[in-house]
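Participant: missing the sequence, but the structure's below:
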């Protein structure tokens, strides 16, 4: 398990790839929307959802909303990393909510076919004592959420 976390940190260029076992920045949980089992395991819920494929990758979007439950560590600040695909020419204006609280508002223009990452950092005061967060992507009226490829929780953790 540690080796997989180490390799993922190294691959993502995250600090912690060179730390000793038992400490450093780690991917705690992730949902890759190309895997239906992962979506079910992370309690996918939503309204007016759609899926599609572009450049060989499956994505999820919504004219309404969709959400996932992701595991976190209860004792450190949290970074949520979202990987979005190209908008495909749709209007993307949406909010990202964490446990029902608006944490970010996004407006995205068409950006080519390369995936783009968005990082959302939350202080420990907002996640202390929690072992899970619900991350919701909610479209604004007349728009869509971005085309999500993956969402993951990343945290510093000492064992």
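Facilitator: Right, received. Where do you want to start? Remember, it's a predicted structure, so these values are computed and weren't measured experimentally.
Participant: any idea how far residue 97 lies from residue 89?
Facilitator: For residue 97, the distance to residue 89 under the criterion Cβ to Cβ, to the nearest Å works out to 26 Å. C-beta here means a position set from N, CA and C on the backbone, and glycine is covered the same way.
Participant: neighbour-wise, which of the two wins?
Facilitator: Between residue 97 and residue 89, residue 97 has the larger neighbour count (other Cβ atoms under 10 Å), namely 18 against 6.
Participant: regarding that one, what is its secondary structure?
Facilitator: Three-state call for residue 97 (DSSP: H, G, I helix; E, B strand; the rest coil): strand.
Participant: now residue 90: phi and psi?
Facilitator: phi -90, psi 160 (degrees, to the nearest 10).
Participant: ok, it to residue 63 distance?
Facilitator: According to Cβ to Cβ, residue 90 and residue 63 sit 9 Å apart.
Participant: overlap of the contact sets of those two?
Facilitator: 143, 144 (Cβ atoms under 8 Å, 6 or more residues apart in numbering).
Participant: between the two, which one's more packed in?
Facilitator: Each of residue 90 and residue 63 has its neighbours counted (other Cβ under 10 Å); residue 90 has more, 18 against 15.
Participant: hmm, the more buried one is touching residue 144, no?
Facilitator: Yes - the pair residue 90 / residue 144 is scored as a contact, 5.0 Å apart, by Cβ atoms under 8 Å.
Participant: what touches both of the two?
Facilitator: With Cβ under 8 Å, 6+ apart as the test, residue 90 and residue 144 both reach residue 61.
Participant: just the helices from this protein, written as ranges.
Facilitator: Applying DSSP state H to the chain gives helices spanning 2-12, 36-41, 124-127.
Participant: of those helices, which shows the lowest average pLDDT?
Facilitator: Mean pLDDT across those is lowest at helix 2-12; the value there is a mean of 39.
Participant: where does the prediction get shaky in the protein?
Facilitator: 1-23, 109-113, 157-159 (pLDDT under 70).
Participant: chain center to stretch 102-118: distance?
Facilitator: Put simply, stretch 102-118 sits 12 Å off its chain's centre (Cα atoms, centre = their mean, to the nearest Å).
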